[in-house]
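Q: next come a sequence and a model predicted from it.
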Amino acid sequence: MQVTILGQLVIATRESRLALWQAEHVKALLEQRGHPVSLLGMTTRGDQILDRSLSKVGGKGLFVKELEVALEEGRAHIAVHSLKDVPMELPAGFMLACVMEREDPRDAFVSNRYATLDELPQGAVVGTSSLRRVVLLRAQRPDLRIEPLRGNLDTRLRKLDEGQYDAIVLAAAGLKRLGLASRIRAIFEPEQMLPAAGQGALGIEIRSDRGDLAELLEPLSHHATTLAVAAEREVSRAMGGSCSMPLAAHAAFSGEYLQLRAAWGDPEGSGALVRAQSAAACADLAAAVQLGAEVAARLRAGGAHS
Ligand SMILES: NCc1[nH]cc(CCC(=O)O)c1CC(=O)O
């Protein structure tokens, strides 16, 4: 099918520095392929509400709703998201057209005084609002004082620099994209701090009735990332995962085998932590989703529940 988009392709994007970097990244890739692109910046409810934990005010959808309205109204054609922030089920009428090659999926330890988590003194204050990070940190260091930390990356780093925290935990991908890799003191290996489903990957959302756009975006998709992320997101979907459930899911290929690991923390805050893993040869989406379903079943067998 010959794809013809009349005029410019418009990307709807949040206006945080990370969101803009990501939208500019996609813009550059599309322009290399001969498609002129412009950006439509907008503020979402998720960007406005900074004083409450996301799990309390409505979750991931808060970061994508306004962008979807722009797609719906035809003011924009595509929306670029950190896949980690995209709900498992998109509203009717929207689809993920493509998943791009993943940046570093791991979490990073950031501090101005300490080199690693192990070096933190008893009772040190660590900033994060991610329930997943809270549960995984508590499992290793029950003595730490974990305090809420919200806002975009620059805001979070500023709060660290002001001395409100001894250390904070952030996704390595965001720091690297913004040229802030020098702030990383240590990288958590997945065994130590299992990443969130989709962490480090970008997804492009379109209206489901725009098959022409899906075709145009196809060259930007990355097969291995698409399969890994499909397995991870199936774990979340099958667990009924929302922002109020501490849940980690991370998959990576070793040869043709996709190795998927997941961790579930009790949403009631008992500190209970269940881990599960499995691996399978995955050549297509169906196999990856099947692997995700199997790991979710193993989590449930270990005591995890919705
Ligand atoms: N929840 C916010 C968010 N969404 C995506 C990233 C980082 C970039 C990525 O995972 O692609 C971050 C920041 C963080 O968790 O530190």
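A: Received it, and whenever you're ready, just let me know what you need.
Q: quick one: least confident helix or strand in the chain?
A: Least confident helix or strand, the chain: helix 54-57 with a mean of 55, by mean pLDDT, DSSP states H and E.
Q: how about the helix or strand following that helix: buried residues?
A: Going down the chain from helix 54-57, the next helix or strand is helix 65-72, by DSSP states H and E. Neighbour-count burial for helix 65-72, with 16 or more other Cβ atoms under 10 Å as criterion, is recorded at 65-68, 70-71. From N, CA and C alone the C-beta is placed, and that goes for glycine too.
Q: roughly how far is stretch 101-116 from the heart of the chain?
A: Taking Cα atoms, centre = their mean, to the nearest Å, the mean C-alpha location of stretch 101-116 is offset from the chain mean by 15 Å.
Q: over to stretch 248-262?
A: With Cα atoms, centre = their mean as the basis, stretch 248-262 stands 16 Å off its chain's centre.
Q: mind listing the helices for the stretch 1-150 of the chain?
A: For the stretch 1-150 of the chain, the helices defined by DSSP state H, counting those that start in this stretch cover 17-32, 45-48, 54-57, 65-72, 131-140.
Q: so which of these is nearest Asp154?
A: helix 17-32 (6.2 Å; Cβ to Cβ).
Q: what does the stretch 1-150 of the chain have sitting close to the ligand?
A: Taking Cβ under 6 Å from any ligand atom as the measure of proximity, the stretch 1-150 of the chain contacts the ligand at 82, 84-85.
Q: how about the residues you listed in a markdown table, adding pLDDT, distance to Glu268 and neighbour count?
A: Formatted as a markdown table, those follow (pLDDT from 0 to 100; distance: Cβ to Cβ, whole Å; neighbours: other Cβ atoms under 10 Å):
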| residue | pLDDT | distance to Glu268 | neighbour count |
| --- | --- | --- | --- |
| Ser82 | 94 | 28 | 24 |
| Lys84 | 94 | 23 | 24 |
| Asp85 | 89 | 24 | 22 |
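Q: between these, which is nearest the ligand?
A: Proximity of these to the ligand (Cβ to the nearest ligand atom) peaks at Ser82, which lies at 3.4 Å.
Q: ok, that closest one - contacts?
A: 18-19, 22, 174, 198, 201-203 (Cβ atoms under 8 Å, 6 or more residues apart in numbering).
Q: which of those lies closest to the ligand?
A: Nearest to the ligand among these, counting by Cβ to the nearest ligand atom, is Gly174 at 3.5 Å.
Q: for that closest one, which three-state class applies?
A: Per DSSP: H, G, I helix; E, B strand; the rest coil, the secondary structure class of Gly174 is helix.
Q: so it makes contact with Leu153?
A: Yes - Gly174 lies in contact with Leu153 (Cβ atoms under 8 Å); the separation is 5.3 Å.
Q: quick one: which of these two has more around it?
A: Neighbours were counted for Gly174 and for Leu153 using other Cβ atoms under 10 Å; Gly174 has more, 24 against 18.
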